[in-house]
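In: Pasted the sequence and its predicted model underneath.
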Amino acid sequence: MRVRFAPSPTGALHVGGARTALYNWFAARHTGGTLVLRIEDTDPARSTPENVEQILDALNWLGLDYDEGPISQVSRSERHQEVLAQLLDDGHAYRSNATKQQVDAYKAQHGSERGFRGESEASGAVRLRVPDEGASVVHDLIRGDTSFAHVHIDDPVIARADGSVLYNFAVAIDDLDAGITHVIRGEDHLSNTPKQLLVLEALGAPAPVYAHLPLLHGQDGKKLSKRHGAASVQEFREAGYLPEALRNYLALLGWGTDDDETILSTEELVQRFTIERVSKNPARFDHQKLRWMNGRYMRELSVEELTARLEAFTGRSGLRDAVEISKEKIQTLADFWPLAGFIFDGPADDPAAREKWLDEEGRTVLQDARAALEPIDPFTVEAVQGALEAVVAARGAKPRQVFQPVRVALAGRPVSPGIFETLAVLGREESLARLDRAIGL
RNA sequence: GCCGCUAUCGUCUAGGGGACUAGGACGCCGCCCUCUCACGGCGGAAACCGGGGUUCGAAUCCCCGUAGCGGUACCA
């Protein structure tokens, strides 16, 4: 099996494109086949080298490698011109100066039962001659056979007047030359497939097998875009998601196993993936489920590994102890600093929390707590826990009436990792200093 | 408008004629655990788009309708 991922460098790699890349990668790795990366840059107005770089970067971060490429589509223009000349020569294509208005007028005149057919002229854009009779059938592994009657298809422009080729032509030639056996791409390409089939047929060349993936939508059912929050792979990376979690989530958007397993490692995904099991209906992207899944993946990492990722993500070092006591409470890498940053940068400033927990009574609690903690050595989780529980007992208070003021004194906010663990990580000196500062307020 | 694709809980899905009082996951609700927030455990509410067929029997097959989406570019 030879498959390809062929993004157009007109912007960042979006999750829809990433999902397409992932499925191609699964198909190739599952069968021991080959994945070709091709950059569809035939639109000079929208394609930039920066975007190519960004796409390559995103694929790399996602952990998707390829066996051939990246090859630029424009780099193959010599070959494209050769085929174009051949089609012009043997009458499968012709030049035409017909404008959009003329095409519309033609169709208005002939009704819906007749696609546009132009006259051969000496100059102009190149159009492919579509037969009046018959139909092109797309053989699709996901959708079965879909038939498109030729009478409904306009003679498509396959090259601009300046000679540069267009997508529906280039894609057919490039897939053919690359020996692509299975074209796995988004469903938005299904309706244009007969035009590509017609190019191949004019050449007497064989067609690949297709697999048109259902599209991805935002939570509102509309096409996924910026309005839905993160939409590009880069944005998910910056939002603190793990590539392995994103792979798992994306894999399940349009594909599932017969036993409906949810957490599947990349190895399992490769082993179990088959195109035939891809769903036919469009899927909505659910950030909440991704978040949940990302949390699962983070908790499965060792403290060492998670620390390494968090240090890379935050650009800080010495995070290990803080990571260890925060691990169960965060779902993304970005959640860490808001939760545990106070350990390094000092208490956060939360007036509402101070007002609620560091009132007159709260400060007497802190004095008791300070007195109980002061003599402790070594300053371990067990030791501080014993000391604070003794304070609770001595005051006849509810546990939270003691723990919350201490928490706010240390963290500045009412939410933090476990209070005993936090004390132990901060150490005796720093803990007492923070209590003193809060008492003095 | 025309052409095409699709249609199971709010969302992702399992299901491919009888195993369906329709299963799982996220989310939601309740309870438990508990120093906050989480994590974890237990329980609950929640769906076969509508109408015709085919069949002894339809979520599963066919047709029509409806809805959503895609295409209809000298974009990809």
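Out: Good, I have the coordinates.
In: Quick one: residues in contact with the helix or strand hosting A:Q196.
Out: Using DSSP states H and E, A:Q196 sits in helix A:193-203. Helix A:193-203 has contacts (CB atoms under 8 Å, 6 or more residues apart in numbering) with A:83, A:86-87, A:90, A:92-93, A:128-131, A:135-136, A:138, A:148, A:150, A:153, A:156, A:158, A:168-169, A:171-173, A:176, A:206-207, A:210, A:212. Placement of C-beta: from N, CA and C, glycine included.
In: Quick check: what element follows that helix along the chain?
Out: strand A:209-213.
In: could you give the mean pLDDT of the following helix or strand past that next one?
Out: For strand A:209-213, the following helix or strand on the C-terminal side (DSSP H and E) is strand A:216-217. For strand A:216-217, the mean per-residue pLDDT is 92.
In: In contact with the most far-flung residue of chain A relative to its centre: list those residues for me.
Out: The outermost residue of chain A relative to its centre, with distances by CA atoms, centre = their mean, is A:A394 at 54.3 Å. For A:A394, the contact set (CB under 8 Å, 6+ apart) comprises A:D368.
In: And for the one 4 residues further on?
Out: Contacts here follow CB under 8 Å, 6+ apart; on that basis A:K398 touches A:V392.
In: Point out where chain A drops to low pLDDT.
Out: A:225-230, A:441 (pLDDT under 70).
In: just the residues of the stretch 201-350 of chain A that are near RNA strand B, which are they?
Out: A:214-215, A:217, A:221-223, A:252-254, A:256-260, A:262, A:277, A:279-284, A:286, A:288-289, A:291-292, A:295-296, A:299, A:328-330 (CB under 7 Å from any atom of the strand).
In: If any of these are buried, put those into a ChimeraX selection.
Out: Buried residues within these, by 16 or more other CB atoms under 10 Å, are selected in ChimeraX with:
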select /A:214,215,217,252,253,254,256,257,283,291,295,329,330
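In: mind listing which of the residues of the stretch 201-350 of chain A next to RNA strand B are in strands?
Out: Secondary structure from DSSP state E places A:217, A:283-284 of those in strands.
In: and of those residues, the nearest to A:V384?
Out: Lowest distance from A:V384 to these (CB to CB) belongs to A:R284, with 47.3 Å.
In: List the residues that contact that closest one.
Out: Per CB under 8 Å, 6+ apart, neighbours of A:R284: A:216-219, A:221.
In: Repeat that for A:E328.
Out: With the criterion set at CB under 8 Å, 6+ apart, A:E328 makes contact with A:R299.
In: contacting residues around the residue sitting nearest the centre point of chain A?
Out: Nearest to the mean C-alpha position of chain A, by CA atoms, centre = their mean, lies A:V15 at 3.6 Å. A:V15 is in contact with A:216, A:224, A:231-233, A:236, A:250, A:285, counting by CB under 8 Å, 6+ apart.
In: repeat for A:V270
Out: Applying CB under 8 Å, 6+ apart to A:V270 gives the contacts A:26, A:29-30.
In: hang on, the earlier thing: possible to save the contacts of A:V15 as a markdown table with neighbour count and distance to A:E201?
Out: Formatted as a markdown table, the contacts of A:V15 follow (neighbours: other CB atoms under 10 Å; distance: CB to CB, whole Å):
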| residue | neighbour count | distance to A:E201 |
| --- | --- | --- |
| A:L216 | 23 | 32 |
| A:L224 | 20 | 34 |
| A:A231 | 21 | 37 |
| A:S232 | 19 | 37 |
| A:V233 | 26 | 37 |
| A:F236 | 27 | 41 |
| A:L250 | 26 | 35 |
| A:F285 | 21 | 37 |
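In: between those, which is closest to A:T380?
Out: Closest approach between the contacts of A:V15 and A:T380, by CB to CB: A:F236, at 39.2 Å.
In: tell me which element the closest one falls in.
Out: A:F236 belongs to helix A:233-238, assigned by DSSP H and E.
In: by contact count, what packs against that helix?
Out: helix A:15-31, helix A:49-62, helix A:243-251 (3 or more CB pairs under 8 Å, 6 or more residues apart in numbering; DSSP states H and E).
In: Any chance of TSV for those helices, columns distance to A:D345?
Out: Below are these laid out as TSV (distance: least, CB to CB, whole Å):
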stretch	distance to A:D345
helix A:15-31	33
helix A:49-62	28
helix A:243-251	28
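In: Off-centre distance for stretch A:161-180?
Out: With CA atoms, centre = their mean, to the nearest Å as the basis, stretch A:161-180 stands 28 Å off its chain's centre.
In: Do that stretch and RNA strand B come into contact?
Out: Yes - contact of stretch A:161-180 with RNA strand B (CB under 7 Å from any atom of the strand) involves A:161-162, A:166-168.
In: and that stretch, which residues are buried?
Out: A:165-176, A:178, A:180.
In: And stretch A:189-208, by the same measure?
Out: If you call a residue buried by 16+ other CB under 10 Å, then stretch A:189-208 has these buried ones: A:189-190, A:193-203, A:207-208.
In: Over to stretch A:142-149?
Out: Quick answer for stretch A:142-149 (16+ other CB under 10 Å): A:142-143, A:146, A:148.
In: can you narrow the residues you listed to ones near RNA strand B?
Out: Checking those against RNA strand B (CB under 7 Å from any atom of the strand), the matches are A:143, A:146, A:148.
In: quick one: which of the residues you listed is nearest to A:S123?
Out: Nearest to A:S123 among those: A:F148, at 29.9 Å, using CB to CB.
In: you'd agree the closest one is in a strand?
Out: Yes - assigned with DSSP: H, G, I helix; E, B strand; the rest coil, A:F148 falls within a strand.
In: tell me the contacts of it?
Out: Contacts for A:F148 (CB under 8 Å, 6+ apart) come out as A:135-138, A:191, A:193-194.
In: what pairs with it across the strands?
Out: A:S136 (DSSP bridges).
In: so can I have a markdown table of the contacts of A:F148 showing distance to RNA strand B?
Out: Formatted as a markdown table, the contacts of A:F148 follow (distance: CB to the nearest atom of the strand, whole Å):
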| residue | distance to RNA strand B |
| --- | --- |
| A:A135 | 9 |
| A:S136 | 10 |
| A:V137 | 10 |
| A:V138 | 8 |
| A:S191 | 3 |
| A:T193 | 9 |
| A:P194 | 8 |
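In: Let's have those in JSON lines, adding distance to A:R79.
Out: JSON lines is the format used below for these (distance: CB to CB, whole Å):
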{"residue": "A:A135", "distance to A:R79": "29"}
{"residue": "A:S136", "distance to A:R79": "24"}
{"residue": "A:V137", "distance to A:R79": "27"}
{"residue": "A:V138", "distance to A:R79": "25"}
{"residue": "A:S191", "distance to A:R79": "26"}
{"residue": "A:T193", "distance to A:R79": "21"}
{"residue": "A:P194", "distance to A:R79": "23"}
